[in-house]
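Visitor: here's my sequence, what's the structure:
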Amino acid sequence: MPYVNIKVTREGVTESQKASLIEGVTNLLVEVLQKTPAATMVVIDEVDMENWGIGGLPVNEYRRRKANLDGDTKTTDQ
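Guide: Numbers count the residues shown, from 1 in each chain. Next up is the predicted model:
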């Protein structure tokens, strides 16, 4: 029974996007592992920004530094 845990920052992932992630991951496991959809679990955890880090930095600081290096004023990573 495959179990997939997807973690995303809590930044407005829509219900539709979550449904697409669940469907896509399920379909991938059916295709690759020949598992039935009923045997596949997908959990999406939304993590508060203050609990997320990249490269040893809180994500907001990481994004600020990256934007400065890129010469960009955008502060979100897609």
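Visitor: tell me where this protein has strands.
Guide: For the chain, the strands defined by DSSP state E occupy 3-9, 41-47, 53-54, 57-58.
Visitor: nearest to E23 among those strands would be which one?
Guide: Of all the strands of the chain, strand 41-47 sits nearest to E23, with 8.7 Å by Cβ to Cβ. No exception for glycine: its C-beta is placed from N, CA and C like everyone else's.
Visitor: quick one: buried residues of that closest one?
Guide: 42, 44 (16 or more other Cβ atoms under 10 Å).
Visitor: equivalent analysis for stretch 30-44, please.
Guide: So stretch 30-44, judged by 16+ other Cβ under 10 Å, has buried residues 40, 42, 44.
Visitor: for stretch 3-14, same thing?
Guide: T9.
Visitor: residues in contact with it: which ones?
Guide: Contacts to stretch 3-14, defined as Cβ atoms under 8 Å, 6 or more residues apart in numbering, come from residues 21, 25, 29, 40-49, 52, 59, 76.
Visitor: including mean pLDDT and distance to R64, could the strands of the chain go into JSON lines?
Guide: Formatted as JSON lines, the strands of the chain follow (pLDDT from 0 to 100; distance: least, Cβ to Cβ, whole Å):
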{"stretch": "strand 3-9", "mean pLDDT": "96", "distance to R64": "15"}
{"stretch": "strand 41-47", "mean pLDDT": "97", "distance to R64": "19"}
{"stretch": "strand 53-54", "mean pLDDT": "93", "distance to R64": "12"}
{"stretch": "strand 57-58", "mean pLDDT": "94", "distance to R64": "9"}
